[in-house]
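Visitor: can't give you the sequence, but here's the structure:
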C-alpha cells in the first residue's frame, strides 16, 4: 500500500434490503465524494473483504469513484470463492481482479482446534479495523453479538474500542 494513504475500512451486512440499495449506494457515494474533496482520490484506499452485500457494494462504488481498493481476505481466494453464489462469485472475481492489492489476513487471535468460517471472517474484520483511519459501516444499528464474533456489530464495537472514526450508513 502506498505511504500516507487514508484508509477507509468497510463493514456491513451481507443482505441489504433490495428496495434500499439505491439509497444506500447514494449515501456511500456522498461519503466518498466528501473524502475525495478532503484528501484527493489518489490518497484514499478502500479496504474491503469483498463479502456479498455491503462489502461488494462499497468496493464497486470505490472503483467507480477512482479510489484504490485493497482486499484483505478472510481465507485464500479459491476457498473464499466457494462461499459465494454463482452470481456473487462472478462479482467477487471481478472485484478481486480490479483490486490494487489482495491478500489473506493473518490471524490476530489464537486459531481454535476446529475454526469455523466465522472465525476467519472475524480475523478479517479485526484486520480492517486495525488498519483503517475510518470505518464505513453499512449497518442496521442492531447491537447483538454473534456466536463467532464475526458480525457487523462486533466490527463496529471493536472500532469504537480502538478509537476509530465510524461513519454509519443506515440500511
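Guide: Ah, there it is. As the structure is a prediction and not an experimental result, all values here were calculated from the model.
Visitor: Now do the SS call for residue 102.
Guide: Going by DSSP: H, G, I helix; E, B strand; the rest coil, the secondary structure assigned to residue 102 is strand.
Visitor: Name the helix or strand for the residue nearest to it when sequence neighbours are not counted, please.
Guide: Using Cβ to Cβ, 6 or more residues apart in numbering and skipping the chain neighbours, the partner closest in space to residue 102 is residue 71 (4.4 Å). All C-beta spots, glycine's among them, are computed from the backbone N, C-alpha and C. Using DSSP states H and E, residue 71 sits in strand 68-73.
Visitor: Residue 113 too?
Guide: Assigned by DSSP H and E, residue 113 falls outside every helix and strand.
Visitor: Tell me which stretches of this structure form strands.
Guide: Under the criterion DSSP state E, the chain contains strands at 6-12, 44-47, 68-73, 101-104, 134-139, 165-170.
Visitor: which stretch among those strands comes nearest residue 23?
Guide: Between residue 23 and the strands of the chain, the shortest gap by Cβ to Cβ is with strand 165-170, which sits at 9.1 Å.
Visitor: what packs against the closest one?
Guide: Here strand 165-170 touches helix 21-39, strand 134-139, helix 152-161, going by 3 or more Cβ pairs under 8 Å, 6 or more residues apart in numbering; DSSP states H and E.
Visitor: Deepest in the core, which of those is it.
Guide: Of all the helices and strands packed on strand 165-170, strand 134-139 has the most neighbours on average by mean count of other Cβ atoms under 10 Å, namely a mean of 23.
Visitor: For that strand, which strands pair with it and how are they oriented?
Guide: Here strand 134-139 has these sheet partners by DSSP bridges: strand 6-12 (parallel), strand 165-170 (parallel).
Visitor: And the average pLDDT for the longest one is what?
Guide: Confidence for strand 6-12, expressed as mean pLDDT, is 98.
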